[in-house]
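Chemist: Below: sequence and its predicted model.
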Amino acid sequence: MKPKVYIAKPIPLEVEEYIAQYCEYKIWDKKEAIPQDVLYGEIADVDGLMISKWKVSEEFLDHAPKLKIFSNVAAGYENFDYELMKKRNVLGTNTPHVLDDSVADLALGLILMTARKLGRLNQYVKDGSWSRLDDEDFLGQDVHHATLGIIGMGNIGEKIAKRAALGFDMQVLYNNRSRRPEAEEKYGAVYTELDVLLQKADFVLVMLPLSPETEGLIGKREFDLMKPTSFFFNCSRGKIVKEAELIEALQTGSIKGAGLDVYETEPVDKGNPLLKMDNVVTMPHMGSATEATRFKMAMTAAHNLVAGVTGQNPPNLVKELKDMAKQK
Ligand SMILES: NC(=O)C1=CN([C@@H]2O[C@H](COP(=O)(O)OP(=O)(O)OC[C@H]3O[C@@H](n4cnc5c(N)ncnc54)[C@H](OP(=O)(O)O)[C@@H]3O)[C@@H](O)[C@H]2O)C=CC1
Ligand SMILES: O=CC(=O)O
């Protein structure tokens, strides 16, 4: 008998066909997020679940007593509770690497949009406001040859460093838990204490995972250290930044602008002051959102899922759960 799995989001047909070879499956194929009561009903007798970022709690696992694997369709996995998953013997996987280049492209796009005011300029032309040549009201800041400070130099951080150093001749500073010798050699990235990075960088970009150590890491103290001419970017998770303190730093001119793909609450509240600020570019958490990358993420999650329900070690078991891997 094939193992049973539930796929709690729409996925490409090819990925569904791959899963169908190994598993009996059901799928939530509507655009809107699956309601909790529907999910809880569907997972009562499944061996595996494929979903994006649902919180793993006692209550959730009580509704899925047979679950062997939680296959997250995302690189981030702050929704996992490692101790609980070990206790209940539930493997947890993510989809790293396949999205690195797409997220890095978006990060550079956000930097360009913010520093060179690209969104506002686009609107200016489309609105029919472009009435004189050589308009100097919209002068921006140079990205090339500026200093980029990356906080969180992991898989994605390195791809951003590559683009910045080799494509834009930027000086890259980085702060991370461990040193990244390859980024230092290939892109001239310089390991820098956090406070010094904040003081020196023209563009500060957060690419850390959300964890108890990183939640609220960036706030007033950190914005005060930045130059009033500097820009702040967050492409990882909103809760790493104290959003009210970011808003204050932008309002008081303690920093010059910001580019955000992520927020404390998502979708972002319609009344959020960030949405009204001309010096802030706001994206709807779209780092990995290309057709090719979303396909690869779904297929990676499917490989993890199938491995987990067929007794193999899933290729992307997260490092915090590595001791759950079977010894071969
Ligand atoms: N906007 C979007 O659409 C997307 C956002 N993301 C977010 O980006 C995050 C990063 O992704 P990715 O690059 O793949 O992850 P990685 O795990 O490859 O990189 C994270 C880096 O952060 C470092 N780090 C972790 N904790 C700390 C800490 N407390 N202090 C300093 N450094 C720390 C790690 O260091 P070390 O290696 O030494 O542990 C690692 O180098 C994801 O967790 C996710 O939240 C991801 C994809 C898309
Ligand atoms: O936010 C997206 C992810 O893959 O993590």
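Modeler: Structure received. Ligands and ions are numbered 1, 2, ... in the order given.

Chemist: what's the residue of the stretch 201-328 of the chain found nearest ligand 1 sitting at in phi/psi?
Modeler: As assessed by CB to the nearest ligand atom, ligand 1 sits closest to G287 within the stretch 201-328 of the chain, at 2.4 Å. All C-beta atoms are positioned from the backbone trio N, CA, C, and that covers glycine. Main-chain dihedrals, G287, degrees, to the nearest 10: phi -50, psi -50.

Chemist: In contact with the residue lying closest to it once chain neighbours are set aside: list those residues for me.
Modeler: Distance criterion CB to CB, 6 or more residues apart in numbering; nearest residue to G287, sequence neighbours excluded, is V103 at 3.9 Å. Residues near V103 by CB atoms under 8 Å, 6 or more residues apart in numbering: 75, 156, 159, 235, 287-288.

Chemist: List only buried entries from these.
Modeler: Neighbour counting by 16 or more other CB atoms under 10 Å classes 75, 156, 159, 235, 287-288 among these as buried.

Chemist: Which ones among those map onto helices?
Modeler: Judged by DSSP state H, helices contain the following of the buried ones among the contacts of V103: 156, 159.

Chemist: Is L39 in contact with K9, as I believe?
Modeler: No - in this structure, L39 is not within contact of K9 by CB atoms under 8 Å, at 10.6 Å.

Chemist: Now do the shared contacts for the two.
Modeler: Counting by CB under 8 Å, 6+ apart, the residues touching both L39 and K9 are 28, 51.

Chemist: Can you tell me how far the residue of the stretch 201-328 of the chain closest to ligand 1 is from F233?
Modeler: Distance, G287 to F233, using CB to CB, to the nearest Å: 11 Å.

Chemist: Overlap of the contact sets of the two?
Modeler: Shared contacts of G287 and F233, defined by CB under 8 Å, 6+ apart, comprise A107.

Chemist: Please export the alpha-carbon coordinates of stretch 32-51; PDB is fine.
Modeler: C-alpha atoms of stretch 32-51 as PDB (Å, rounded to 0.1, in the frame of the first residue of the first chain):
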ATOM      1  CA  GLU A  32      -6.600  31.000  -1.000                       C
ATOM      2  CA  ALA A  33      -4.700  29.600   1.900                       C
ATOM      3  CA  ILE A  34      -6.200  26.400   3.300                       C
ATOM      4  CA  PRO A  35      -8.400  27.000   6.400                       C
ATOM      5  CA  GLN A  36      -7.300  25.400   9.600                       C
ATOM      6  CA  ASP A  37     -10.400  23.200  10.100                       C
ATOM      7  CA  VAL A  38     -10.000  21.800   6.500                       C
ATOM      8  CA  LEU A  39      -6.200  21.100   7.100                       C
ATOM      9  CA  TYR A  40      -6.900  19.400  10.400                       C
ATOM     10  CA  GLY A  41      -9.500  17.200   8.900                       C
ATOM     11  CA  GLU A  42      -7.200  16.200   6.000                       C
ATOM     12  CA  ILE A  43      -4.100  15.300   8.000                       C
ATOM     13  CA  ALA A  44      -5.800  12.900  10.400                       C
ATOM     14  CA  ASP A  45      -4.400   9.800   8.700                       C
ATOM     15  CA  VAL A  46      -1.500  11.100   6.500                       C
ATOM     16  CA  ASP A  47       2.200  10.000   6.700                       C
ATOM     17  CA  GLY A  48       3.400  13.200   5.000                       C
ATOM     18  CA  LEU A  49       2.400  16.800   4.500                       C
ATOM     19  CA  MET A  50       3.700  19.400   2.000                       C
ATOM     20  CA  ILE A  51       2.800  23.000   2.900                       C
END
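
Chemist: Fine, thanks again, bye for now.
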